[in-house]
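K.L.:
Got a predicted model here, sequence first, then my questions.
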Amino acid sequence: MELKPGSRWKSVVCDTEVVVVRAPKTPISLECGGQLMVAHAAAKPEGLELSPDHASGSQMGKRFADEGSGIEVLCSKGGAGSLAIDGQALGAKDAKKLPASD
């Protein structure tokens, strides 16, 4: 799994789709719903199910990042599965605060 900036990935167990914004520093496995994600153009394998432990959902337009690995992804289509890297949940990135205008 080569996670390059601009590459698109989709879940095999739900509708979630993401775009890589920042590539990880080291090789990792990007997962959604407890299963590995596949390249956007690839066919989804049959018979895989959403894991109840990874069913928190992912929201369109949200960015998810991990400081340790350096990866950042943008959710381009939401779904029932939650994002993870190497089995660890990938947290939503907080929005930047805009400067106050007086």
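P.N.:
Structure received.
K.L.:
CA atoms for contacts and neighbours, from now on please.
P.N.:
OK.
K.L.:
Output the below-cut-off pLDDT ranges for this protein.
P.N.:
Applying pLDDT under 70 to the chain flags residues 102.
K.L.:
buried set for the host helix or strand of residue 84?
P.N.:
Counting by DSSP states H and E, the element that carries residue 84 is strand 83-85. Buried residues in strand 83-85, counting neighbours by 16 or more other C-alpha atoms under 10 Å, are found at 83, 84, 85.
K.L.:
what's the answer for stretch 59-74, then?
P.N.:
59, 62, 63, 64, 65, 66, 71, 72, 73, 74.
K.L.:
Which residue is the nearest non-sequential neighbour of the last one?
P.N.:
Distances taken as C-alpha to C-alpha, 6 or more residues apart in numbering put residue 63 closest to residue 74, at 4.5 Å, once the chain neighbours are dropped.
K.L.:
dump the residue contacts of that neighbour.
P.N.:
By C-alpha atoms under 8 Å, 6 or more residues apart in numbering, the residues touching residue 63 are 72, 73, 74, 75, 92, 93.
K.L.:
Check those residues and tell me the two furthest apart.
P.N.:
75 and 93 (11.3 Å; C-alpha to C-alpha).
K.L.:
Mind checking which of these two has more residues around it?
P.N.:
residue 75 (22 against 14; other C-alpha atoms under 10 Å).
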